[in-house]
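Enquirer: below are the sequence and a predicted model for it; my questions follow.
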Amino acid sequence: MSSASCYTFGQYVLKASQVFIRSRLSIAFVNRKPVVPGHVLVSPIRVVHRFRDMTIEEVSDLFLVSQLVSMEIQTHHLCPSFTLSMQDGKEAGQTVHHVHVHILPRKAGDFQNNDDIYTEIEKHNDSLHLDNPGDQWRSDEEMAEEASILRKLFDKKYTQNIE
Ligand code: AMW
């Protein structure tokens, strides 16, 4: 994985310790406030606000990395299914001004109704507007530990193919 000490994620700065894949045009990183265990994000490295603004190469890379992440996480978290989602624009619930794919591991019975996950994502977005949202964020150490476990899964097999 190429090194950088931090990355821009819209209006935020991500520590490199949160990132577990860096391809030529995308990064995959752990979420500071996951909706379900293993909820991670994939973004273009370039700061691109909207999906429509991405180049063909960026779209292709973003979805290849998303596919790769879901394949490995499936084995790692022993989860058979995923919800992949993208909120493209304020009215759709996008809060970070930088394209990102949410990858959410799913298991049988994890929500009373399958689509409740979308309500949870919505509530989760609302909570980003609380007075002290940082109270709900995971520590840098916890995120770094999760990323370091995930990085090992990808370093071994794939990094050379997606760099
Ligand atoms: W969106 O509402 O824009 O579809 O989702 C933003 C996502 O980014 C949320 O899941 C939120 O927890 C996550 N997030 C925001 N800032 C950071 C950060 N600095 N590090 C990791 N995840 C973040």
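Expert: Yes, it's here.
Enquirer: so which bits of this protein are right by the ligand?
Expert: Contact residues, the chain versus the ligand (C-beta under 6 Å from any ligand atom): 9, 12, 14, 18, 31-33, 41, 87, 93-96, 125. Where C-beta positions appear, they are placed from N, C-alpha and C, glycine not excepted.
Enquirer: which residue is the nearest non-sequential neighbour of Thr83?
Expert: Nearest residue to Thr83, sequence neighbours excluded (C-beta to C-beta, 6 or more residues apart in numbering): Leu104, at 4.4 Å.
Enquirer: what sits against that neighbour?
Expert: By C-beta atoms under 8 Å, 6 or more residues apart in numbering, the contact set of Leu104 is Val35, Val36, Gly38, His39, Phe82, Thr83, Leu84, Ser85, Ile117.
Enquirer: now the strands for this protein?
Expert: According to DSSP state E, the chain carries its strands in the segments 6-9, 12-15, 19-22, 26-30, 40-44, 81-85, 101-106.
Enquirer: of all those strands, which one comes closest to Arg138?
Expert: Nearest to Arg138, of all the strands of the chain, is strand 26-30, at 8.1 Å by C-beta to C-beta.
Enquirer: all helices for this protein, in order.
Expert: Using DSSP state H, the helices of the chain run over residues 56-76, 116-127, 140-157, 159-162.
Enquirer: mind listing what's buried along the longest one?
Expert: Residues of helix 56-76 classed as buried under the neighbour-count rule (16 or more other C-beta atoms under 10 Å) are Glu58, Asp61, Leu62, Leu64, Val65, Ser66, Leu68, Val69, Ser70, Glu72, Ile73.
Enquirer: also stretch 78-93?
Expert: Buried residues in stretch 78-93, counting neighbours by 16+ other C-beta under 10 Å, are found at Cys79, Phe82, Thr83, Ser85, Gln87.
Enquirer: check stretch 92-100 too.
Expert: Neighbour-count burial for stretch 92-100 flags Gln94, Val96, His98, Val99, His100 (criterion: 16+ other C-beta under 10 Å).
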